[in-house]
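1. Below are the sequence and a predicted model for it; my questions follow.
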Amino acid sequence: MDFFKENTDTWEKLRADCAGCMRCELGRTRHDLVFGVGNERSDVMFIGEGPGEQEDLQGEPFVGPAGKLLDVMLELIGLDRTQVYIANIVKCRPPRNRDPLPDEQSACIGWLNRQIALVQPKVLVFLGRIAAQVFIKPDFRITREHGQWFDVDGRRAMAIYHPSALLRDPSKRPETFVDLKSLQRELKDLT
Ligand code: URA
């Protein structure tokens, strides 16, 4: 009967439910919750792992050094951050930028699932291993499987190197350029 059930969620309700979330320990140490940003009806959603220092201070995803590189990556395929939707697996900064723990991810993932249900993107792009392991498969190997297309709940999905990894190791950038071009073709085919 779910088929006939209307989705009554709204952005207002989701934002209100998410505000002040204390579902895990990260709520105690955050400065600001980092909800998500961009076009709420975009065909494409970019999903990172969790806020860093600048994101925590500004309350917006990907505004620090990795975010500046993400802007450049979007620009390479004719997009900017107002045209896509950007969010993270966890909404609060893990201390010292460590990876979000499995229980923190499970406590938080419901917010992201509701964001995806509201945006209804046709394409999901995972930034880095952590997001790909949550949505594609637990043993996802970013070095081997970046740039490949998968089906995630009926949506086209691809993982690319996280921009922080590209800052640490610029030799990965040419491969990422190829992946971005594949994404650009996929988005073009939608129209
Ligand atoms: N890294 C992420 O995964 N997300 C951000 O918002 C910033 C850096």
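-> Noted; the coordinates are in hand.
2. which residues touch the most centrally placed residue in the chain?
-> Among the residues of the chain, Ile47 comes closest to the average C-alpha position under C-alpha atoms, centre = their mean, at 0.9 Å. Taking C-beta atoms under 8 Å, 6 or more residues apart in numbering as the criterion, Ile47 is in contact with Ile86, Ala87, Asn88, Ile89, Leu112, Leu124, Val125, Phe126, Leu127, Ala131, Phe135. Where C-beta positions appear, they are placed from N, C-alpha and C, glycine not excepted.
3. is it fair to say the second one lies in a strand?
-> Going back to what we said before, that points to Ala87. Yes: counting by DSSP: H, G, I helix; E, B strand; the rest coil, Ala87 is found in a strand.
4. ok, and which of the contacts of Ile47 reach the ligand?
-> Restricting the contacts of Ile47 to those within reach of the ligand (C-beta under 6 Å from any ligand atom) leaves Asn88, Leu127.
5. now, among the contacts of Ile47, which is nearest to the ligand?
-> Taking C-beta to the nearest ligand atom as the measure, the ligand lies nearest Asn88 of those, at 4.8 Å.
6. Tell me the secondary structure at Arg81.
-> Per three-state DSSP, the secondary structure class of Arg81 is coil.
7. That one against Val72, yeah?
-> No: with contact defined as C-beta atoms under 8 Å, Arg81 does not reach Val72; the gap is 11.2 Å.
8. out of the two, which sits in the busier spot?
-> Arg81 (20 against 11; other C-beta atoms under 10 Å).
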